[in-house]
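Based on what follows, work out the 3D shape:
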Amino acid sequence: MTPAEDRYHYKLIARAIAEIDAAQENGAPPSLDTLAARLGLSAAHFQKVFSAWVGVSPKRYQQYLTLDLAKHLLAKRLPLETVAHEAGLSGTSRLHDLLLRWEAMTPGEFARAGGGLVINWGTFDTPFGPAIVMATARGICGMGFCADMGEDACFRDLAHRWPEATFLHAPAKITPWVEAIFTASGQAPLLLVGAPFQIKVWEALLAVPSGQVTTYSDIASAIGSPRAVRAVGTAVGRNPISYLIPCHRALRKSGGLGGYHWGLPVKRALLAWEAARADA
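Just a heads-up that it's a prediction; the model follows:
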């Protein structure tokens, strides 16, 4: 599939997911014919494209967006301690069949707040709506979904983490990494920028497999700080690289979705997509 076809399909899937999610909230899921007509496609073509990307039919995907999804995932999850042990927490983790390599900025780099750092950025179509992605020469250092807050606010949200950095709008320089994120066609290196405690939390999130979830308290136990549940929640919320560091997989102990920095519709869509692909 060509990059142009991918971009077209990402826009199509983003619109479809938004339509299905909105209908789910209203309690009136649309039929396949109705949904396809809204997207300007035949029912057969829409079903083919959607199923190829998500792994299940649109009707089946709707079932994953029910309010019971979080509790269902929570009930069957592996203890994070077990997952973390199996993954080794070595800094390398397989996510969505995509090999991610990550490293943390040194304490000195972190203290300089991005001083002397050149960060390229661009806005890209994704199946979950437009996203701003930022990267240095060493890897992706920021990613945020814009559907809920808008592109300007999303850019400011990401950029304020490195107030002394130089930002260049140069999407072509990071397009190969962005394409790898959603096509599993290559490697996407990550550059984590945070305090040591935050990075430990993000490292634990990287150990949660796609299609599974964890809780804030489980993360706290996994990093050896069982009483730091509130601090873990704060660190999860400050994750600078959405989706790739899967903070959407962190739920409340009750099974509630909790918050999501980039909007709950995106969190529901991510969890439903991953659960659908895992079961398929």
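
What separation is there between the closest residue to residue 145 other than its chain neighbours and residue 144?
Spatially, and ignoring its direct neighbours in sequence, residue 145 is nearest to residue 262 (4.0 Å; Cβ to Cβ, 6 or more residues apart in numbering). Glycine gets a C-beta too; all of them are placed from N, C-alpha and C. Computed with Cβ to Cβ, to the nearest Å, the distance linking residue 262 and residue 144 is 6 Å.

again, but for residue 175
Distance check for residue 175 against residue 144: by Cβ to Cβ, it reads 17 Å.

now do residue 180
On the measure of Cβ to Cβ, residue 180 and residue 144 end up 18 Å apart.

Out of these two, name the residue with the larger neighbour count.
residue 144 (25 against 18; other Cβ atoms under 10 Å).

Report all helices and strands that the helix or strand containing the more buried one contacts.
Assigned by DSSP states H and E, residue 144 belongs to strand 139-145. Counting contacts by 3 or more Cβ pairs under 8 Å, 6 or more residues apart in numbering; DSSP states H and E, strand 139-145 is packed against strand 98-104, strand 118-124, strand 131-136, helix 151-159, helix 171-183, strand 190-192.

Take these and write them to a markdown table, including mean pLDDT and distance to residue 240.
Converted to a markdown table, those look like this (pLDDT from 0 to 100; distance: least, Cβ to Cβ, whole Å):
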| stretch | mean pLDDT | distance to residue 240 |
| --- | --- | --- |
| strand 98-104 | 50 | 12 |
| strand 118-124 | 94 | 11 |
| strand 131-136 | 94 | 9 |
| helix 151-159 | 94 | 7 |
| helix 171-183 | 85 | 15 |
| strand 190-192 | 82 | 8 |
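
Point out the most buried one among the ones you listed.
Mean neighbours per residue, mean count of other Cβ atoms under 10 Å, is largest over the helices and strands packed on strand 139-145 for strand 131-136, with a mean of 24.

quick one, phi/psi of the most centrally placed residue in the chain?
Nearest to the mean C-alpha position of the chain, counting by Cα atoms, centre = their mean, stands residue 243 at 1.4 Å. Dihedral pair for residue 243: phi 70, psi -50, per degrees, to the nearest 10.

Can you give me the pLDDT of residue 85?
Each residue has a pLDDT score; the one for residue 85 is 43.

lowest confidence element among the helices and strands of this protein?
Least confident helix or strand, the chain: strand 92-95 with a mean of 32, by mean pLDDT, DSSP states H and E.

Quick check: phi and psi at residue 213.
The phi/psi pair for residue 213 (degrees, to the nearest 10) is phi -130, psi 170.

Okay, it and residue 154: tell me how far apart.
From residue 213 over to residue 154 the distance is 25 Å, taken as Cβ to Cβ.

Residue 145 against residue 154, yeah?
Yes - between residue 145 and residue 154 there is a contact at 7.3 Å, judged by Cβ atoms under 8 Å.

what's the overlap in contacts for these two?
By Cβ atoms under 8 Å, 6 or more residues apart in numbering, residue 145 and residue 154 have these common neighbours: residue 262.

Run through the residues that contact residue 150.
The contact partners of residue 150, taken as Cβ under 8 Å, 6+ apart, number zero.

What pLDDT does the model give it?
For residue 150, the predicted pLDDT is 91.

Would you reformat the helices and strands packed on strand 139-145 as CSV and include distance to residue 268?
Formatted as CSV, the helices and strands packed on strand 139-145 follow (distance: least, Cβ to Cβ, whole Å):
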stretch, distance to residue 268
strand 98-104, 22
strand 118-124, 21
strand 131-136, 16
helix 151-159, 19
helix 171-183, 18
strand 190-192, 24
